[in-house]
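Trainee: Sequence and predicted structure, then a few things I'm wondering about:
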Amino acid sequence: MRSQLRRSALPFAALVLAAGCGSSSGDGGDAGIGPDAEDLRHPESAVLYPPVVHAGFDGDHTFRVPVSTDLAFHTDGEPSWSSGDGSILDVEGIDTPDGPLGARGIWAMITTTGSGTTTVSCTIGEYTVTATVIVADYDSSQVDIGDTRYHTDEGGDRTSCSSCHEDGGGADHTPTEMAIHDDDALLMVATEGRYPDICETDDGDACTCDTEGCEREPGYELALTHEWDFTESEADGIIPYLRSLPPSGF
Ligand code: HEC
């Protein structure tokens, strides 16, 4: 589950980083390893996760995406969440969920109100973290066709998605985990059972695959054969439907 690890490791990495900063000042005292100790706090390192959020809007179904930030681990004060454009999304702070999701920080829920590209931000005191939000324009019939494909079991490569993914089975493909991926990547997961290759420079910046100085790393391959068949309209609808699912864990 490398893609899962890549996703959830990030906020922990920030914490480890924070803990590492304080080690030089360790005096054997009881300062503790935790973000509460003043010298372990680095609000400028905090991020809003995912850094790029993919969501949808069709004027009919509800599209929500939960986002989180570790900023509250690094500075005190009341968080305030804001939308870059109220005609594209609303955002509201929500209770921190239990379990691993809670370890990522404090949370807010985005609800889309239109399509387009904007931002979502969280401010505590003088610090602000921001993510880009890309809201695709879907037609409500796409979502309905995706819904039907998801739940209709014709066996073979037209097995229903629900037979594995509903009732807590399969992997989480709700916006809680999928908002970081664009539609093309998710359709590739559904039809080829793998994520697109990752192309990065030595510095870890995204680059165009197969150009000078750009390293190609194979995308995560699912642990099972996951090559499902779709008609053209089903292929147009399945990802919009997944984006309309209620985010798991909230
Ligand atoms: C035979 C059971 C089965 C069926 C049927 C199935 N899936 Fe999956 N799916 C899985 C499993 C298991 C995983 C996780 C595999 C892994 O992470 O290696 C997965 C992963 C995924 C993921 C990626 C989740 C992640 O965390 O990376 C998506 C998206 C997805 N499935 C969509 C679909 C769609 C859409 C359909 C129907 C067209 C479908 N699946 C049908 C078993 C199934």
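Mentor: All right, it came through fine.
Trainee: Point out where this structure drops to low pLDDT.
Mentor: Residues of the chain meeting the criterion pLDDT under 70: 1-37, 168.
Trainee: Domains in it, by residue range?
Mentor: 2-137, 140-244 (automatic domain parsing).
Trainee: quick one, which of those domains is nearest to the ligand?
Mentor: domain 140-244 (2.8 Å; Cβ to the nearest ligand atom). Every C-beta, even on glycine, is put in place using the N, C-alpha and C of the backbone.
Trainee: Tell me if the closest one is near the ligand.
Mentor: Yes: Domain 140-244 is in contact with the ligand by Cβ under 6 Å from any ligand atom, via 159, 161, 163-165, 170-173, 177, 186, 189-190, 222-224, 226, 228, 238.
Trainee: Now restrict those to buried residues only.
Mentor: 161, 165, 173, 177, 186, 189-190, 226, 228, 238 (16 or more other Cβ atoms under 10 Å).
Trainee: returning to what we had before: take the domains of the chain and lay them out in CSV including distance to Phe250.
Mentor: Below are those laid out as CSV (distance: least, Cβ to Cβ, whole Å):
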stretch, distance to Phe250
domain 2-137, 5
domain 140-244, 7
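Trainee: So which bits of stretch 207-223 are buried?
Mentor: 219-220.
Trainee: when you give positions from now on, start the count at 532
Mentor: With 532 as the first residue, the last one maps to stretch 738-754.
Trainee: measure it end to end?
Mentor: 27 Å (Cα to Cα, to the nearest Å).
Trainee: Next one: Phe781 from Leu602, what distance?
Mentor: 19 Å (Cβ to Cβ, to the nearest Å).
Trainee: So for these two, which residue has more residues nearby?
Mentor: Applying other Cβ atoms under 10 Å to Phe781 and Leu602 shows that Leu602 carries more neighbours, namely 25 against 15.
Trainee: Provide a list of residues in contact with that one.
Mentor: 574, 577, 579, 610, 636-637, 653, 655, 658, 660 (Cβ atoms under 8 Å, 6 or more residues apart in numbering).
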